[in-house]
Every structure is written in structure tokens, then in C-alpha cells.
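Participant: sequence unknown, structure follows:
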């Protein structure tokens, strides 16, 4: 499973990296970024799904089976 963030839609609410810190980071301005290549760490799938569902701008895409 991988995640992607559409940086054009992200408004910097920070829910993604608060909910799933293993899958997301923040940049210097507080906007969400994916950790590494976007691969969700094993055991972090539930948190990644919750982060996707919690994004007000729907800026996060979840790629199953990646």
C-alpha cells in the first residue's frame, strides 16, 4: 500500500501526519508530505486509511497493492 499527496490541494491542516506519522511527514511550512517513497509501513494501514478519510481537501490518494 502506498499514499500520495496532491500538493496543489493540501492546505496544511496536518491531520495526515498527526494520524499516521509513519506514512506522512510535514514540510517546513506545515504541509503534508509522504514519508520516503510513500510506502505505508507494515502495520500502519489502518492509520493511513484514517488519514485519507480525515483529509478535508481529499488531497491524499491511497494505492492498494503497491
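Facilitator: Now that the structure is in, tell me what you want to look at. As the structure is a prediction and not an experimental result, all values here were calculated from the model.
Participant: Report the buried residues of the helix or strand harbouring residue 17.
Facilitator: Secondary structure assignment for residue 17, by DSSP states H and E: helix 15-19. Across helix 15-19, burial judged by 16 or more other C-beta atoms under 10 Å covers 15-17, 19. (Each C-beta comes from the backbone N, C-alpha and C, glycine too.)
Participant: how about the residues you listed in CSV, adding pLDDT and distance to residue 28?
Facilitator: Below are the buried residues of helix 15-19 laid out as CSV (pLDDT from 0 to 100; distance: C-beta to C-beta, whole Å):
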residue, pLDDT, distance to residue 28
15, 96, 18
16, 97, 16
17, 96, 13
19, 97, 20
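Participant: nearest to residue 35, of these?
Facilitator: Nearest to residue 35 among those is residue 17, at 8.7 Å by C-beta to C-beta.
Participant: per-residue confidence at the closest residue to that closest one other than its chain neighbours?
Facilitator: Spatial nearest neighbour of residue 17, chain neighbours left out: residue 24 (4.1 Å); criterion: C-beta to C-beta, 6 or more residues apart in numbering. On pLDDT, residue 24 comes in at 97.
Participant: contacting residues for residue 24?
Facilitator: By C-beta atoms under 8 Å, 6 or more residues apart in numbering, residue 24 lies in contact with 3, 5, 16-17, 32-35, 51.
Participant: Export these as CSV, with columns for secondary structure and distance to residue 43.
Facilitator: Listed next are the contacts of residue 24 as CSV, based on DSSP: H, G, I helix; E, B strand; the rest coil; distance: C-beta to C-beta, whole Å:
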residue, secondary structure, distance to residue 43
3, strand, 15
5, strand, 21
16, helix, 17
17, helix, 17
32, strand, 20
33, strand, 21
34, strand, 17
35, coil, 14
51, helix, 14
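Participant: Using neighbour counts, trim those to the buried set.
Facilitator: Buried among the contacts of residue 24 (16+ other C-beta under 10 Å): 3, 5, 16-17, 32, 34-35, 51.
Participant: what about this structure, any weak spots by pLDDT?
Facilitator: The chain contains residues with pLDDT under 70 at 66.
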